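J.: Next input, structure requested:
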Amino acid sequence: NFSESTVGNPKEQFIFDGKNYSRSSLNYLLGLSFLKKATPGEKLPTILEIGGGFGTLGEIIGKTSTASFKYINLDLPPMFLISEEYLKRCFKKQFHFFDHFNCKGDKILISKLPDFSFLPNWKIEDLVGEIDLFVNFISFQEMEPNIVKNYASKVSRLNPKYILLRNMREGKQVKK
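T.: Sure thing, here's the model as predicted:
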């Protein structure tokens, strides 16, 4: 039943059966369909994404989840702020959002987070608890291997049950 929002008047959306989809949402839906097929009946309510871009995965989760969830999006400024604003406009008052501006160096308990949390990447150090699913679509292949290795060590500390990655077959672009 998912249909992507038209907040911001997107120029590149496909319409199938009266529902809107961007290339990004179709990629996420493909990955999530694979995950659901590989883990039938599994509940994955706590999701951490690094490099969530405009918030497409958060929108899918918010529109398709029937139970409570926690979506944590870590991204570079200003992207984490843009995705937060986008999802606030998509959902109006339907969900609760984490107030990252009042988060000053304290540990962030994952279990206490609301439905949506948008944080700068360096806040991964402050997350305490466990996640059910870690997602990264594309951004790891844009990073140097030592940066990806560092993120992987930070994510593994959170004991994800599952990891969903999507990378381009070509890999990281190299300087020519």
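
J.: Show the model's pLDDT score for Ser25.
T.: The model reports Ser25 with a pLDDT of 96.

J.: Would you quantify the distance from Leu57 to Lys176?
T.: For Leu57, the distance to Lys176 (Cβ to Cβ, to the nearest Å) stands at 32 Å. From N, CA and C alone the C-beta is placed, and that goes for glycine too.

J.: More neighbours: which of the two?
T.: Leu57 (25 against 3; other Cβ atoms under 10 Å).

J.: Excluding chain neighbours, what is closest to the more buried one?
T.: Of all residues not flanking Leu57 in the chain, Tyr28 sits nearest, at 5.2 Å (Cβ to Cβ, 6 or more residues apart in numbering).

J.: which residues does that neighbour contact?
T.: Taking Cβ atoms under 8 Å, 6 or more residues apart in numbering, we find Tyr28 in contact with Thr56, Leu57, Ile60, Phe137.

J.: Could you tell me which of these belong to strands?
T.: Using DSSP state E, Phe137 are the members of those that sit in strands.

J.: between the contacts of Tyr28, which is nearest Asp99?
T.: Nearest to Asp99 among the contacts of Tyr28 is Leu57, at 21.1 Å by Cβ to Cβ.

J.: Now that we have the contacts of Tyr28, which of them are buried?
T.: Buried by 16 or more other Cβ atoms under 10 Å: Thr56, Leu57, Ile60, Phe137, out of the contacts of Tyr28.

J.: How about residues contacting the helix or strand that contains Lys63?
T.: Using DSSP states H and E, the secondary-structure element containing Lys63 is helix 56-64. Residues outside helix 56-64 that contact it (Cβ under 8 Å, 6+ apart) are 1-5, 22, 24-25, 28-29, 32, 47, 49, 52, 69, 71, 73, 83, 86-87, 90-91, 94-95, 115-116, 135, 137.

J.: One more: stretch 94-102?
T.: With contact meaning Cβ under 8 Å, 6+ apart, stretch 94-102 is reached by 62, 80, 84, 87-88, 113-120, 123.

J.: export those residues to TSV and tack on distance to Glu170?
T.: Shown next, in TSV, are the contacts of stretch 94-102 (distance: Cβ to Cβ, whole Å):
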residue	distance to Glu170
Gly62	32
Phe80	27
Glu84	31
Leu87	30
Lys88	35
Leu113	35
Pro114	38
Asp115	36
Phe116	32
Ser117	32
Phe118	30
Leu119	30
Pro120	29
Lys123	31
